[in-house]
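**Student:** okay, structure incoming, though there's no sequence with it:
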């Protein structure tokens, strides 16, 4: 197989199905030599912020001199974004080679009535690459849920659960407590849990599980604190109070109050490694937060005109973006380019987007079978009192937004990670953005 053929095979593997267990994942990894045993890990779950938090943890550990693997999903533009070592994406030839080793295992198990799914294979690929590269730490973002996620075969030194919202309710449950129970599946015996959960009923789920397993718990915002000092389009400044001490005058390029919460969560996770003899000095924490790279999250692609891309994909995330845009990003009219996957809470998301937008341009992201009908999005915008246009082709929607945005106005691309990836590629070419 060449790289294109390898990805074609991978993306044609079934993603979901009934009766999910971790036994196929574990069996496949045993056949592949249990590569997950070759490195120490930090496991990061939650509804929102888990990718940003993972990137921050990896950046701080890298600044401390460790070789660090980072596994995140989904990708914005390239499959290789999902698997990085020391900030460098896995080479395409390694993806091809490792998938070539995994495919016979897949076919053997399929013949035994034990099918692997898409994320099982991607996770195995990640673990094999990290083992080959001899990473000191792997920072692993949960794909979906926690208890039955393919990443949940590791024994991490620290488990992190950022927060809980109503997502994937058809799989995880239709209450916050049920979803929290699924997320709590990544808590491991005797290992520290770090969580930024604010809801008391959610926190009780985590605390009960942690107590049962003999885990210490660090609750961000309660055991630790944070204070925002200021923000501009280049980033924000803040201070943290942690269990280890205070960090004054920190900086990060990531925008939004929620990124300060994510930073506090990431610092608490990194500090928890000290009990295993891995102390991360303050200078590494400062440099890691300052230099973290996590695109597609309130990312400023251009200042003239002001173009911001965000992958907010649920009601909580779009509400958080709305608060930041209205309070911290000066702008005139706001033109929102929107596509949302059909399995999301679309009316709630559109209420939040319409609340900050002067005009909504509804379009379709690249995963066509998952994208909601843009005419539905336009109708919801109109119901929320905002004029709308429909441009099903994303490129045409981006071009129309630039055409409509005058001096001092803002273009905001929002609603889907898939749309964010398309927007980054388009605006890099059109505006020379990075």
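**Tutor:** That came through fine. This is a predicted model, so every value here is computed, not measured.
**Student:** all helices for the stretch 51-200 of the chain, in order.
**Tutor:** For the stretch 51-200 of the chain, applying DSSP state H, counting those that start in this stretch gives helices covering 92-111, 118-132, 169-172, 176-183, 200-212.
**Student:** between these, which one is nearest to residue 191?
**Tutor:** Each of the helices of the stretch 51-200 of the chain was scored for nearness to residue 191 using Cβ to Cβ, and the closest is helix 200-212 (9.2 Å). (Glycine included, C-beta is placed from N, CA and C.)
**Student:** let me have the helices of the stretch 51-200 of the chain in TSV, adding mean pLDDT as columns.
**Tutor:** TSV is the format used below for these (pLDDT from 0 to 100):
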stretch	mean pLDDT
helix 92-111	97
helix 118-132	97
helix 169-172	58
helix 176-183	90
helix 200-212	95
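**Student:** can you tell me which of those is most buried?
**Tutor:** By mean neighbour count, with neighbours taken as mean count of other Cβ atoms under 10 Å, helix 118-132 ranks first of the helices of the stretch 51-200 of the chain at a mean of 23.
**Student:** how far off centre is that helix?
**Tutor:** Relative to its chain's centre, helix 118-132 lies at 18 Å (Cα atoms, centre = their mean, to the nearest Å).
**Student:** what's the angle from it to helix 92-111?
**Tutor:** For helix 118-132 against helix 92-111, the angle by axes from the mean of the first three to the mean of the last three Cα atoms, to 10 degrees is 130 degrees.
**Student:** and residue 313, how far from residue 365?
**Tutor:** 10 Å (Cβ to Cβ, to the nearest Å).
**Student:** now do the shared contacts for those two.
**Tutor:** Counting by Cβ atoms under 8 Å, 6 or more residues apart in numbering, the common neighbours of residue 313 and residue 365 are 341, 415-416.
**Student:** from the contact counts, what lies against the host helix or strand of residue 249?
**Tutor:** Counting by DSSP states H and E, the element that carries residue 249 is strand 246-252. Applying 3 or more Cβ pairs under 8 Å, 6 or more residues apart in numbering; DSSP states H and E, one finds that strand 246-252 contacts strand 235-241, helix 257-272, helix 282-291.
**Student:** right, and those - which one's nearest residue 409?
**Tutor:** strand 235-241 (22.4 Å).
**Student:** packing partners for the closest one?
**Tutor:** Secondary-structure packing of strand 235-241 (3+ Cβ pairs under 8 Å, 6+ apart): strand 225-232, strand 246-252, helix 257-272.
**Student:** now it: average pLDDT?
**Tutor:** Averaging pLDDT along strand 235-241 gives 97.
**Student:** again, but for stretch 33-44
**Tutor:** Per-residue scores along stretch 33-44 average to 98.
**Student:** could you list the residues in contact with that stretch?
**Tutor:** 29, 50, 53-54, 57, 69, 124, 127-128, 130-131, 134-142, 151-162, 186, 188, 269, 273, 276.
**Student:** rewinding a little: comparing the helices and strands packed on strand 246-252, which comes out most buried?
**Tutor:** helix 257-272 (a mean of 26).
**Student:** how far is that helix from where the chain is centred?
**Tutor:** 14 Å.
**Student:** average pLDDT across that helix?
**Tutor:** Helix 257-272 shows a mean pLDDT of 97.
**Student:** tell me the helices and strands packed up against it.
**Tutor:** Using 3+ Cβ pairs under 8 Å, 6+ apart, helix 257-272 is in contact with helix 50-63, strand 158-161, strand 192-195, strand 225-232, strand 235-241, strand 246-252, helix 282-291, helix 315-328.
**Student:** where does this protein dip in pLDDT?
**Tutor:** 16-19, 166-174, 368, 432-434 (pLDDT under 70).
**Student:** what's the burial count for residue 360?
**Tutor:** 27 (other Cβ atoms under 10 Å).
**Student:** same question for residue 33.
**Tutor:** Here the number of neighbours of residue 33 (other Cβ under 10 Å) works out to 13.
**Student:** now do the contacts for residue 244.
**Tutor:** 271, 274.
**Student:** run the last query once more with 10 Å
**Tutor:** For residue 244, the contacting residues are 224, 267-268, 270-272, 274, 279-280, 282, 285, by Cβ atoms under 10 Å, 6 or more residues apart in numbering.
**Student:** identify the farthest-apart pair in the residues you listed.
**Tutor:** Spanning the widest gap among the contacts of residue 244 are 224 and 279, at 17.5 Å by Cβ to Cβ.
**Student:** the two: which is more packed in?
**Tutor:** Taking neighbours as other Cβ under 10 Å, residue 224 and residue 279 compare with residue 224 leading, 20 against 13.
**Student:** report the beta-bridge partners for that one.
**Tutor:** For residue 224, the residues forming beta bridges with it (DSSP bridges) are residue 220.
**Student:** how close does it sit to residue 268?
**Tutor:** 6 Å.
**Student:** cool, residue 292 as well?
**Tutor:** In terms of Cβ to Cβ, residue 292 sits 16 Å off from residue 268.
**Student:** got it, and residue 242?
**Tutor:** Residue 242 sits 6 Å away from residue 268, taking Cβ to Cβ as the criterion.
**Student:** spit out the residues that contact these two alike.
**Tutor:** Common neighbours of residue 242 and residue 268 (Cβ under 10 Å, 6+ apart) are 218, 220, 223-224.
**Student:** from the residues you listed, which would you call buried?
**Tutor:** 218, 220, 224 (16 or more other Cβ atoms under 10 Å).
**Student:** what residue is smack in the middle of the chain?
**Tutor:** Centroid-nearest residue in the chain, with Cα atoms, centre = their mean: residue 51, separated by 2.9 Å.
**Student:** not counting its neighbours along the chain, what's nearest that one?
**Tutor:** residue 72 (5.1 Å; Cβ to Cβ, 6 or more residues apart in numbering).
**Student:** contacts only, for that neighbour.
**Tutor:** Counted by Cβ under 10 Å, 6+ apart, residue 72 has contacts 44, 50-52, 54-55, 58, 81-84, 126, 139-143, 294.
**Student:** so residue 195 bridges to which residues?
**Tutor:** Judged by DSSP bridges, the bridge partners of residue 195 are residue 161, residue 219.
**Student:** how close does it sit to residue 203?
**Tutor:** Separation of residue 195 from residue 203 (Cβ to Cβ): 7 Å.
**Student:** which residues do those two both contact?
**Tutor:** 161, 164, 180, 217, 219, 222.
**Student:** possible to save those as TSV with distance to residue 10?
**Tutor:** Formatted as TSV, the shared contacts of residue 195 and residue 203 follow (distance: Cβ to Cβ, whole Å):
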residue	distance to residue 10
161	28
164	30
180	31
217	37
219	38
222	42
